[in-house]
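I'll drop the sequence and a predicted model, then ask my questions.
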Amino acid sequence: MTKPTLSRSIFWTTIAFLFLPLVVLMIFSFNDGRTMVWKGFSWRWYESLFTNQPRLWMAVSNTLIVAFTASTVATVIGTLGAIAINWYRFKAKTYVRAMSFLPLILPEIIIGVSLLIFFRMLGLELNLFTIILAHISFTIPFVLLMVMARLGEFDYSIIEAARDLGANENQTLTKVILPISVPGILAGFITAFTLSLEDFVVTFFVTGSGSDTLPIFIYNQIKRKLPPEINAFSVVLVGVTVLILFLARRSIKYFVQRS
């Protein structure tokens, strides 16, 4: 009886540790006061969020532009890289495989500083473009890992069958390899999008004036004083994230069943 009780205690303690701050955040997003003292129920901060926060929505726009662009480019490069590593033989294959996963183990501050130095050497002005380049660089390995995991389960006899039926290399890639790899590609895109969406450390080093993303904007706001609108926006963001994860899970499940 002791073990199940201990397991349940650990489980609920973990759940409380993870989700209690979110519950508190949701409750105080409806607080009529500006402090963490309950003043009564109110929708005022949600109304203010959508009417009086143009800088916040500009940061959201910048974040979405960066996330969509970086994750799309990273997905294309990572997918092609995973296919090349799995199917082609070349002398530096082992080194390319090892180096491609280096950003996964490097501290983000090292990546941010090195990218800043690199952009300065090229004479690039820090703006959304440099943020996109930075996000592409550290999200490619995650896409590569996801797609390679999917390709690791690949039945090579399907490729042989396609070639026996007269398919050339391009047809084999577009009609056989890519369709079967879709679950891994989709998982890689979602992972890259999520990482880009919430990244702070790397973005902090490569952002410029007028190109703040959402994490940078929120950081600049809470350095002075935490606006109550941030609580309301956080609740909205949690809801959107849960919806995206639900749709992504259904999509991945659909493609896995089809493949």
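Now that the structure is in, tell me what you want to look at.

by contact count, what packs against the helix or strand containing residue 137?
Element membership for residue 137 (DSSP states H and E) is helix 128-151. Contacts defined by 3 or more CB pairs under 8 Å, 6 or more residues apart in numbering; DSSP states H and E place helix 128-151 against helix 54-87, helix 93-100, helix 102-105, helix 108-122, helix 178-198, helix 201-206. Bear in mind the C-beta positions are built from the backbone N, C-alpha and C, glycine included.

Contacts for the second one, please.
So the one you mean is helix 93-100. Helix 93-100 is contacted from outside by 81, 85, 90, 140, 141, 144, using CB atoms under 8 Å, 6 or more residues apart in numbering.

Mind listing what's buried along that helix?
Neighbour counts using 16 or more other CB atoms under 10 Å place residue 100 of helix 93-100 among the buried residues.

what about it, distance to the chain center?
Counting by CA atoms, centre = their mean, to the nearest Å, helix 93-100 is centred 23 Å from the centre of its parent chain.

With only the CA atoms kept, save that helix in CSV.
Coordinates of each C-alpha in helix 93-100 appear next as CSV, following Å, rounded to 0.1, in the frame of the first residue of the first chain:
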residue,chain,number,x,y,z
LYS,A,93,29.2,12.0,-43.4
THR,A,94,30.1,11.1,-39.9
TYR,A,95,31.4,14.6,-39.2
VAL,A,96,28.4,16.3,-40.7
ARG,A,97,26.1,14.2,-38.6
ALA,A,98,28.0,15.1,-35.4
MET,A,99,28.3,18.8,-36.2
SER,A,100,24.6,19.1,-37.1
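
what kind of secondary structure is residue 154 in?
coil (DSSP: H, G, I helix; E, B strand; the rest coil).

Kindly provide the distance from it to residue 180.
The gap separating residue 154 from residue 180 is 7 Å, by CB to CB, to the nearest Å.

Which one of those two is surrounded by more residues?
residue 180 (19 against 16; other CB atoms under 10 Å).
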